[in-house]
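Q: sequence unavailable; structure follows:
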């Protein structure tokens, strides 16, 4: 059997989508940082039969099973009882855990009830995995040869504290840690997943580091992952691959890991000591929100105008009434005029504008839902882009795509301006 791990998350609330399962993301990242392979994740409701079925499947394909959820005092907290039943053993009350629970409840000014006392019941032979924050402890247990089980509460901050304080030292001390699996995410805009895959096809079959593409909300990414003895060694494997991919894809790659388009644009503006303003219609402030979400954006972002109504476009931005009548608010001409208007009024080096039809209504055969025009004004002139984000796209998606596409437009323009400046100085 491979020395791999499996994660089982217990909780009906997870199945219903009431709670985002952030625990599995954290644990997957932590396992990778320890170099522990893991190939399966399971979510199961608060049902003892199905919990035992999930454990039975995991026992056949993993040597380390990590369970989160179902450790509290309420009747639907069934994880430990289900495990004990599956491995045909008993739950035994641990006096030392009862004492800890009594002390914790006393500090809260509450008595330890019989229901809360159930948290001191652990499978016979299991080692306590202490909970420094909450009341429910977990277990580290080897119910059979070659198998290790760890349980954690579903509360994320409790689980994380227990993982770092007890689980990581245990795994390292017992030979589970096997170097690291380290990843770098390259981010792209303006290129489709299939097009990107064709450009980097020669890297997709490499085994270490591996390269895998995936798309989310118009953004395409490549994950480069390497297994090595240390992060430094893994980085040395990743670096040449990342450099080559950036050379192949050019300006389509805008950043990596946690970098956002707004952050990249901000860094380019700061490097040139230049400023930006925005004029928004269909996005209603989404573009300005992305920009100001970046700490320190006040050094380059001066403000914006939400010109939802045509009167605001005319009276505040100076868009010609005749242009609006002739071309309509959703047009390249109006997008250009909006960008010029906000740049002139706020006195910035650059200005972006967005006007479009976000839906679900308001479209026509000539101008369907998803039609968006983006304008960019600078000392070098004005340009516009036309986008068709699709009538089937949701209102939120169209607004998000519009704002991100506007950021990409100025990013590319800043890069070209940077190249022109460098060429003039050579």
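A: Good, I have the coordinates. In this text the structure is predicted, and so the values were computed from the model without any measurement.

Q: and stretch 242-257, what's buried?
A: 242, 245, 249, 252, 253, 254, 255, 256 (16 or more other Cβ atoms under 10 Å). Glycine gets a C-beta too; all of them are placed from N, C-alpha and C.

Q: pLDDT for the residues you listed - can I get that in a markdown table?
A: Listed next are the buried residues of stretch 242-257 as a markdown table, based on pLDDT from 0 to 100:
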| residue | pLDDT |
| --- | --- |
| 242 | 97 |
| 245 | 97 |
| 249 | 96 |
| 252 | 95 |
| 253 | 96 |
| 254 | 96 |
| 255 | 95 |
| 256 | 95 |
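
Q: out of those residues, flag the one nearest to residue 354.
A: Distance to residue 354 across the buried residues of stretch 242-257 (Cβ to Cβ) is lowest for residue 254, with 18.7 Å.

Q: from the contact counts, what lies against whichever strand or helix holds that closest one?
A: Assigned by DSSP states H and E, residue 254 belongs to strand 253-256. In terms of contacts (3 or more Cβ pairs under 8 Å, 6 or more residues apart in numbering; DSSP states H and E), strand 253-256 is packed against strand 180-188, helix 231-249, helix 261-272.

Q: what lines up beside the shortest one in the sheet?
A: As defined by DSSP bridges, the strand partners of strand 180-188 come to strand 219-228 (antiparallel), strand 253-256 (antiparallel).

Q: which one of the helices and strands packed on strand 253-256 lies closest to residue 173?
A: Of these, the one closest to residue 173 (Cβ to Cβ) turns out to be strand 180-188, at 17.0 Å.

Q: buried residues, that closest one. List them.
A: Applying 16+ other Cβ under 10 Å to strand 180-188 flags 180, 181, 182, 183, 184, 186, 187, 188 as buried.

Q: for stretch 286-299, same thing?
A: Here stretch 286-299 shows 286, 287, 288, 290, 291, 294, 297 as buried, counting by 16+ other Cβ under 10 Å.

Q: quick check, nearest of the residues you listed to residue 134?
A: If you rank the buried residues of stretch 286-299 by distance to residue 134 using Cβ to Cβ, residue 294 comes first, at 34.9 Å.

Q: still on that earlier bit, want to throw the strands paired with strand 180-188 into CSV with distance to residue 355?
A: Shown next, in CSV, are the strands paired with strand 180-188 (distance: least, Cβ to Cβ, whole Å):
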stretch, distance to residue 355
strand 219-228, 23
strand 253-256, 24
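
Q: check residue 309 and give its pLDDT.
A: In this model, residue 309 is scored at 96, pLDDT.

Q: show me what contacts residue 144?
A: residue 87 (Cβ atoms under 8 Å, 6 or more residues apart in numbering).

Q: show me what counts as buried in stretch 375-383.
A: Buried residues in stretch 375-383 (16+ other Cβ under 10 Å): 375, 376, 377, 378, 382, 383.

Q: likewise stretch 384-397?
A: 384, 387, 389, 393, 397.

Q: so the first one belongs to a helix, correct?
A: Same thing as residue 384. No. Secondary structure of residue 384 (DSSP: H, G, I helix; E, B strand; the rest coil): strand, not part of a helix.

Q: which strands and helices lie in contact with the helix or strand encompassing residue 375?
A: Here residue 375 sits within strand 371-378, counting by DSSP H and E. The elements that strand 371-378 packs onto, with contact taken as 3+ Cβ pairs under 8 Å, 6+ apart, are helix 332-346, strand 350-356, strand 381-388, helix 395-425.

Q: re earlier: nearest to residue 359, of the strands paired with strand 180-188?
A: Closest of the strands paired with strand 180-188 to residue 359 is strand 219-228, at 21.1 Å (criterion: Cβ to Cβ).

Q: and the closest one with helix 261-272, angle?
A: Comparing the axes of strand 219-228 and helix 261-272 via axes from the mean of the first three to the mean of the last three Cα atoms, to 10 degrees yields an angle of 90 degrees.

Q: may I see the buried residues of strand 219-228?
A: For strand 219-228, by 16+ other Cβ under 10 Å, it's 219, 220, 221, 222, 224, 225, 226, 227, 228.

Q: going by distance to residue 344, which of those residues wins?
A: Using Cβ to Cβ, those come closest to residue 344 at residue 219, 32.5 Å.

Q: quickly note the distance from the closest one to residue 94.
A: Distance, residue 219 to residue 94, using Cβ to Cβ, to the nearest Å: 49 Å.

Q: go through the strands paired with strand 180-188 and find the least confident stretch.
A: strand 219-228 (a mean of 92).

Q: nearest to the spatial middle of this protein, which residue is it?
A: residue 258 (8.6 Å; Cα atoms, centre = their mean).

Q: tell me if that one really is in a strand.
A: No. Residue 258 is assigned coil when assessed by three-state DSSP, not a strand.

Q: hmm, back to that, tell me which two of the buried residues of stretch 375-383 sit farthest apart.
A: Farthest-apart pair in the buried residues of stretch 375-383 is 375 and 378; separation 10.8 Å (Cβ to Cβ).

Q: who touches both of the two?
A: residue 351.

Q: so where's this structure uncertain?
A: Scanning the chain for pLDDT under 70 picks out 1-2, 217-218, 419-426.

Q: what domains does the record give for it?
A: 5-173, 180-256, 261-425 (automatic domain parsing).

Q: so what would you say the end-to-end distance of the shortest one is?
A: In other words, domain 180-256. 20 Å (Cα to Cα, to the nearest Å).

Q: from the chain's centroid, how far away is stretch 357-365?
A: Distance of stretch 357-365 from its chain centroid, counting by Cα atoms, centre = their mean, to the nearest Å, is 30 Å.

Q: buried ones in that stretch?
A: Of the residues in stretch 357-365, those buried (16+ other Cβ under 10 Å) are 357, 358, 359, 363.
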